[in-house]
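Trainee: any chance you could fold what I've pasted below:
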Amino acid sequence: MLNARKRSSHKGDNGVVLVIGGSEDYIGAPALVGLSALAVLRSGSDLVYVVAPERVAWAINRISPDIITRKIKCKNFSVKNVKEVLKLAKAADVVEMGNGISLESKEFMLQIIKKVSKPLVIDAGALRVIRLQDVKNAVLLPHAKEFEALLKNSKLTEKSVQEHLGSNVLVIKGHPNTIIMSKNKTAVNTSGNAGMTHGGTGDVLAGIITGLIAQGNDPFTSARIAAYVNGKAGELLYKKLGFGYLASDLVKTFPIILKKYQKIIK
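Mentor: Numbers count the residues shown, from 1 in each chain. The predicted model follows:
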């Protein structure tokens, strides 16, 4: 069960998230970052801020008025932007990074991961440039190819990776099974179907996990529940639409399933 929500809570009490993402190199970046940010809100968090290159941020604003953007004057993030982004991260409970970021921004991503003092959710491009040993208090969400890159960079094997997780949680995305592991626990999620191969479904999962952590839930529980509800949303959508459902449909559907884990207290 997730942490209960206080009936007397005010805006900001239930999670503030900063999403760092986007690049002018990727035309689809605004959609991917926007999906993840909307998933943060749909998970129950109060506020989500997206920091992105200026043109990308304007495109994200057009996706939804619910997303607040911070516009950085650049085409791709660089080390010149680290100080400004870290300042924005101070107001957040959790920072999510990686969606739609160009690999040209490698040094930027490495410095953010090293210097940010908040819990992290690391996805997509960021997973290809980091070593597990340099990360702490993070949830990492690799698919098969990203997992290969993470293992190679970290000089680890599939068998040895768990003992080197430290304070991190690893979510190895796949179908029929998604594996969620911390240093001492492992869970296997079997919900979902072959329609989860649509682009953006992983970005939605990252957003759900980020939103749940921002609401005070522990990372392992957040990852386990998020993987389940994301997959069950896919199952529900398949019954209605077959394999024609989209990641944006998941964003609208998963809150129905997540609701059973949510409670309100006085």
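Trainee: after the strand or helix carrying Gly34, which helix or strand is next?
Mentor: Assigned by DSSP states H and E, Gly34 belongs to helix 29-42. The first helix or strand that comes after helix 29-42 along the chain, using DSSP H and E, is strand 47-53.
Trainee: given that next one, what are its sheet partners and their directions?
Mentor: Sheet neighbours of strand 47-53, with direction, are listed as strand 16-20 (parallel), strand 68-72 (parallel) (DSSP bridges).
Trainee: mind checking which of those is nearest Lys118?
Mentor: When the strands paired with strand 47-53 are ranked by distance to Lys118, counting by C-beta to C-beta, first place goes to strand 16-20 at 7.9 Å. Heads up, the C-betas are built off the backbone N, CA and C, glycines and all.
Trainee: mind exporting the C-alpha coordinates of that closest one to PDB?
Mentor: C-alpha atoms of strand 16-20 as PDB (Å, rounded to 0.1, in the frame of the first residue of the first chain):
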ATOM      1  CA  VAL A  16       7.100  18.300  -6.400                       C
ATOM      2  CA  VAL A  17       9.100  16.800  -9.300                       C
ATOM      3  CA  LEU A  18      11.700  18.200 -11.600                       C
ATOM      4  CA  VAL A  19      12.000  16.400 -15.000                       C
ATOM      5  CA  ILE A  20      15.200  17.100 -16.900                       C
END
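Trainee: now that strand: average pLDDT?
Mentor: Looking at strand 16-20 alone, the average pLDDT works out to 97.
Trainee: just want the angle from the helix holding Gly34 to strand 68-72.
Mentor: Orientation of helix 29-42 against strand 68-72 (axes from the mean of the first three to the mean of the last three C-alpha atoms, to 10 degrees) gives an angle of 140 degrees.
Trainee: just the pLDDT for the residue lying closest to Leu38 once chain neighbours are set aside.
Mentor: By the measure of C-beta to C-beta, 6 or more residues apart in numbering, the closest residue to Leu38 outside its immediate chain neighbours is Val251, 5.1 Å from it. The model reports Val251 with a pLDDT of 97.
Trainee: cool, thanks, signing off.
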